[in-house]
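>>> using only what follows, build the 3D model:
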Amino acid sequence: MRYFLDCEFNGFDGPLISIALVPELEGHGDFYAVLPCHRPLRWVAEHVMPKLGAAAQSRAEVVAGLAAYLAADAEPVLVADWPEDIAHAAALLVFQGRRMVPHVRFDLINLPGFETARQSALPHNALADAHALRREVLTREALALGHVAA
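Predicted coordinates for the structure are as follows:
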């Protein structure tokens, strides 16, 4: 199954702050986790930190939670529209030299005209942004197949 991925991090190339996966199919439950951010950049402190909505967990707890979440799916596909989201998710799949999920595929997609900050219910919250990404991708796919009127 596909899971729509979004992350928040402390500036470009900065440490991961939060990660969200929203499954393609309704009713399968979302994954959302927050990591500590000890020295957020000013923009991050103003625009991301107030919107986290969950307590921070240790990296080990987030890794274990993510591995458990993906374990039920034999071939998960993580879909993102930003390369750094994939890099952060992939980094979480390795812990203490051990690969935590046996099989996972990543799909970096290009969505011309899609801006998470405009289409998310709570911009700069990874979970809300992942939901916006899911909506956008599934709507575009339905339009392409002629299942939805433009």
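>>> who touches stretch 112-125?
Stretch 112-125 has contacts (Cβ atoms under 8 Å, 6 or more residues apart in numbering) with 6, 8, 18, 47-48, 51-53, 81, 128-129, 131-133, 135-136. From N, CA and C alone the C-beta is placed, and that goes for glycine too.
>>> buried subset of those, written for PyMOL?
Paste this into PyMOL to select the buried members of the contacts of stretch 112-125, with burial taken from 16 or more other Cβ atoms under 10 Å:
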select buried, resi 6+8+18+47+48+51+52+81+128+129+131+132+133+135+136
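>>> out of the contacts of stretch 112-125, what pair is the most spread apart?
Maximum pairwise distance in these, criterion Cβ to Cβ, is 22.6 Å, between 52 and 136.
>>> only alpha carbons, please: show the longest helix along the chain as CSV.
Longest helix in the chain, counting residues (DSSP state H): helix 126-144. C-alpha atoms of helix 126-144 as CSV (Å, rounded to 0.1, in the frame of the first residue of the first chain):
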residue,chain,number,x,y,z
ALA,A,126,3.6,16.9,9.2
LEU,A,127,0.3,15.0,9.7
ALA,A,128,-1.9,17.7,8.2
ASP,A,129,0.5,18.2,5.4
ALA,A,130,0.6,14.4,4.7
HIS,A,131,-3.2,14.4,4.5
ALA,A,132,-3.0,17.3,2.0
LEU,A,133,-0.5,15.4,-0.1
ARG,A,134,-2.8,12.3,-0.1
ARG,A,135,-5.8,14.3,-1.1
GLU,A,136,-3.9,16.0,-3.9
VAL,A,137,-2.4,12.8,-5.3
LEU,A,138,-5.7,10.8,-5.1
THR,A,139,-7.7,13.7,-6.7
ARG,A,140,-5.2,14.0,-9.6
GLU,A,141,-5.3,10.3,-10.2
ALA,A,142,-9.1,10.2,-10.2
LEU,A,143,-9.1,13.1,-12.6
ALA,A,144,-6.6,11.4,-14.9
